[in-house]
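# coords please:
(2 chains)
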Amino acid sequence: MYAAFDNFPALLIWLPLVGALLSFFMRSETAAKNVAVLFSLLALGVVGSSLLYVDSKYQALNQVSYVWLPGLESSFAFILDGLTRTLCLLTAVSFPLIFLFIPVGKYKQPHVFYGLMMLTQCGLMGVFMATDALVFYLFWELALIPVYFLSSIWGGEKRIRATFKFFIYTFVGSLFMLIGIIYIYLKTSGSFNLINFYNAALTHQEEGWLFALFFLAFAIKMPLFPFHTWQPDAYEQSPTPVTMVLSGIMVKMGLFGLMRWLIAMLPHGAKAHQTMVVVLAVIGMIYASLIAMRQDNIKRLIAYSSIAHIGLMALGIFTFQQVAVTGVVIQMFTHGVNVVALWMVADLIERQTGTLSMSALGGIAKKAPNLAIFMLVFAFANIALPLTNAFVGEFMIFSGVYAMSPWWAAAAGISIILSAVYTLNMVKNVFYGEAAAAVQGFMDIRPLQSFVFVVLTVLIFFVGVYPGPFLSMIAETVSLIVNKLTGI
Amino acid sequence: MNSILVSVLWGILLMYAGFLTKNKRSISVLAVVGAVAVLSANALEYMGLSFFDIDTKGMLFYNPYSYIFLVVIHASLLLYFLLSGTEVEETAATPSDHYALIFFVASGISIIAGFKSLLMLFLGIEIISIPLYVLAGSDKSNLKSNEAALKYFLMGAFSTGLMLMGIAFLYGDSGTFYLEGINMGATEMSPLKAIGGVLILASMAFKVSAAPFHFWTPDVYDGSPTVFTSFMATIVKSAAFFAFIKLFEGAFGKIQGQWQVLLAVITALTLIVGNITAVFQQSVKRMLSYSSIAQAGFMVMGIFAMNLMAKQGLVLYFAAYSVASIAIFAVLAKLKDHSVDAFNGFAKAHPLVAAVVLICLLSLAGVPLTAGFFAKYYMLVAVLKNGTMYWLPVLAIVCAAVSVYYYFRVIQAMYFKETEAGSVAEIQFSSSFKVIMVVCALLIIGLGIHPDWLMDLL
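Below you'll find the model as predicted:
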């Protein structure tokens, strides 16, 4: 636990943690916000510079292990590899942007707000980088608790009920995962290390029901149909910055868990349950898209659209194809960027008009042309138009799904078409047509907000046009995962 | 054995202290000094300094495990005195008597910690129980308190009868009171031993309030003055559990396979009854009574598994559960209204105390980074390691999830709800109270981050 700071993972855990503790003790809002922005930018700097040290000869910089509980053979072991680097980058990019976007004076007790946000970031980093099952579980919960408080204190009217449902769902899921972790731990040589978990002596039958325990936790977190019922309410009732974290980053915990802690760990179980997951994912995609079409509230529309996208990613993972899984990793990053961008636009609209109901909105483009342009970019990214970032991921996922079965690809394709329908419909209703009463006096975006949007736009086009560096970074880690499943 | 002597002497001292001074404050101080004295006497013996040496014919024998258990108990007692001293003074007309009774209970616990013979077990259990009947009824003007005392006494006497009967059967079977003697011999259970074992099991289940012998618990805990509920639900319950595991390991360890089913049923019932009923409680005090049954369910799992993991984990469980409950009860005792709504707006009025209560509740719910997580964790590992009845940990997990519901209701009231009138703000917490509360929180988090600090001693 006595960390040396000469490696990236330790810094990525400590920086947000220290930032959180400092924020708690700040008395003024600007001080708290500055601390949060500073430390999240530092974390971004760390992830950014780690991109220069990807090569295996820098392994010492990207890996760390401190003995925690010698009696249980558990240690604070973290690693930065292609997969986790992508997710840490997403986390590190999103948080400063979200902080910059929060208007001054919006939340009472701002020091607690920013402190809890930073604590969430610490939890997320830990989840992504942990290579020790107990530590993974620890951070899994650590990411959940502050979010629960954030949503319950600063959320909407029905927040207590909605966030409690969310908490109970995920807590139950993670408890089942805990049983699975302990069971596998007892089957190893007595260590929580990921490698030992991969090599645990498990029969196929054991793998089958262990799969169910882990899958429940991850499916609730993602959320995958039919475990998604907590999600629209929680997204709607949470304060928007928290919704961004929830939908942009937190759901990736579930997808990430599927890759590192499920299919690679229990390959036989994954193979045995492949069809079930594929069916759930496809049903979820179509079902969520259909519901999204019927939504009038923009927040709920984005929430359901998010379920559909997550379903596609789960489908991609369960093709067990190199190309599709690589696509999923890219897509995890791009979906995070896109959905955070969409929430920001939605939040701007709500701040100025006080409503998110599409029937009460219209014609914003006339009042705020710049915002409309950004919104168009984000909307195109959401429906994965070529040259935007989501196209890369979705294309790769679909080629994998098609290789598995053209029929599933066709079924999943329906959801993509529907996604174009509801996203463009939303843009048309809200931004074009006659200016509604609610949008009279709508102000265009201010410089700081423009800066945030420009960063997001650059990210969208950069990944869309030149995904090469990302792909090569991810490929190695993904092939390690996929190779465990080939030949079974 | 030091602690037996010191607790008895201090109990007698406190009894007479009531004659010497009418100042309640100084009596409380004397009690705190006593708790420190007992704690250090035990610690000294652990380090090898015994005050006296009596040949108990092997009826009492202490090993490091017993000593560490006693350290946990005495430390909890100290925290309890520090947090609830003012309430003891207020509740009782003559606090010296009540402090004396508590010290007599402590001496009983010290006997329990080292018994090797059923005689000592019986003696210890009785020394613990009889003062508790008095404490339960100490609020003489309150009908509920009287009812609690009477109920506790009648049920307790009955369970003592069962235990005596069981001991008699076991003696009839093996011809000895020594645990080793009972455990020796064939791995087959004779009818006498079976009957004796079941009777003792029932009476122990009564003492730890495991279902289906739990019916006295809510009424007694709810009816007794809150300060004494705190004492009964934490320190005394931990002691009863220690006796339980020591007895079953010592006397029935060899035939574990034959009584395990029985304990699995008791565990399952306790978990279900405790957790489900707690959900419906409107009073926090009554909710905590049921939660103490629910927590007992987890602890019975340790007795079910009865391996090294379970034995170590139980002591951690005692520490985690006792510290958290004592702190919550201490706050509850200051609130005159015990309903969940009484906690509305608590966080705004008293941020520090609310934060500590929050940590305690999270610990009771078993959220990671608190001691309660590792306590539950060790119980689960112990049962899974046992290699049979995998449904039991799954059930326990489901019940733990249910428990989140009622613990979080208090959190929601404290943090997310506004208070109507200034009722919460009127309560005063002294700065010393706050300091001790923070100590409790640090203990919980410390054990949650690094349980090895305690586990390595065991």
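
# end-to-end on stretch B:302-316?
End-to-end distance for stretch B:302-316: 11 Å, by CA to CA, to the nearest Å.

# Can you point out the buried residues in that stretch?
Neighbour-count burial for stretch B:302-316, counted by 16 or more other CB atoms under 10 Å in any protein chain shown, picks out B:302-307, B:309-316. For glycine as for every other residue, the C-beta is placed from the backbone atoms N, C-alpha and C.

# What of stretch A:105-122?
Those would be A:107, A:110-122, for stretch A:105-122 by 16+ other CB under 10 Å.

# Show me which residues of chain A sit near chain B.
Counting by CB under 8 Å from any CB of the partner chain, the residues of chain A close to chain B are A:68-71, A:137-138, A:141-142, A:145, A:149, A:152-153, A:159-160, A:164, A:167-168, A:171-172, A:175-176, A:178-179, A:182-183, A:185-186.

# Filter those down to the buried ones and hand me the PyMOL line.
In PyMOL syntax, the buried subset of the residues of chain A next to chain B is picked out as below (16+ other CB under 10 Å):
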select buried, chain A and resi 68+69+137+138+141+142+145+149+152+153+159+160+164+167+168+171+172+175+176+178+179+182+183+185
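
# Would you map the strands across the chain?
Using chain A here. Per DSSP state E, chain A carries strands over the ranges A:63-69, A:74-79.

# Show me what stretch B:384-397 is in contact with.
The contact list for stretch B:384-397 (CB atoms under 8 Å, 6 or more residues apart in numbering or on different chains) reads A:175-176, A:178-179, A:182-183, A:186, B:260, B:264, B:267-268, B:271-272, B:297-298, B:301, B:304-305, B:307, B:309, B:376, B:379-380, B:383.

# Could you rerun that using 7 Å?
A:175-176, A:179, A:182-183, A:186, B:264, B:267-268, B:271, B:298, B:301, B:305, B:307, B:309, B:380, B:383 (CB atoms under 7 Å, 6 or more residues apart in numbering or on different chains).

# Also stretch B:352-369?
For stretch B:352-369, using CB under 7 Å, 6+ apart, the contacting residues are A:137-138, A:141-142, A:145, B:291, B:320, B:324, B:327-328, B:331, B:346-347, B:370-373, B:376, B:400, B:403-404, B:407, B:410-411, B:414, B:429, B:434, B:437-438, B:440-441, B:444-445, B:448-449.

# Select from the residues you listed every entry located in strands.
Per DSSP E, those never map to strands.

# which stretches of chain A have low pLDDT?
Low-confidence segments of chain A (pLDDT under 70): A:1-5, A:487.

# can we see that at 80?
Across chain A, the ranges flagged by pLDDT under 80 are A:1-6, A:55-60, A:70-72, A:105, A:156, A:189-190, A:435-439, A:441, A:487-488.

# the longest helix in it is where?
When chain A is parsed with DSSP state H, its longest helix is helix A:322-353.

# could you pull out the helices for the stretch 1-150 of chain B?
Per DSSP state H, counting those that start in this stretch, the stretch 1-150 of chain B carries helices over the ranges B:2-20, B:24-46, B:64-91, B:95-114, B:118-136, B:143-174.

# Next, A:Thr131: phi, psi?
When read as degrees, to the nearest 10, the backbone of A:Thr131 gives phi -120, psi 20.

# which residues sit in contact with it?
Contact analysis of A:Thr131 by CB under 7 Å, 6+ apart lists A:77-79, A:193-194.

# how far away is it from A:Ala217?
Separation of A:Thr131 from A:Ala217 (CB to CB, to the nearest Å) stands at 18 Å.
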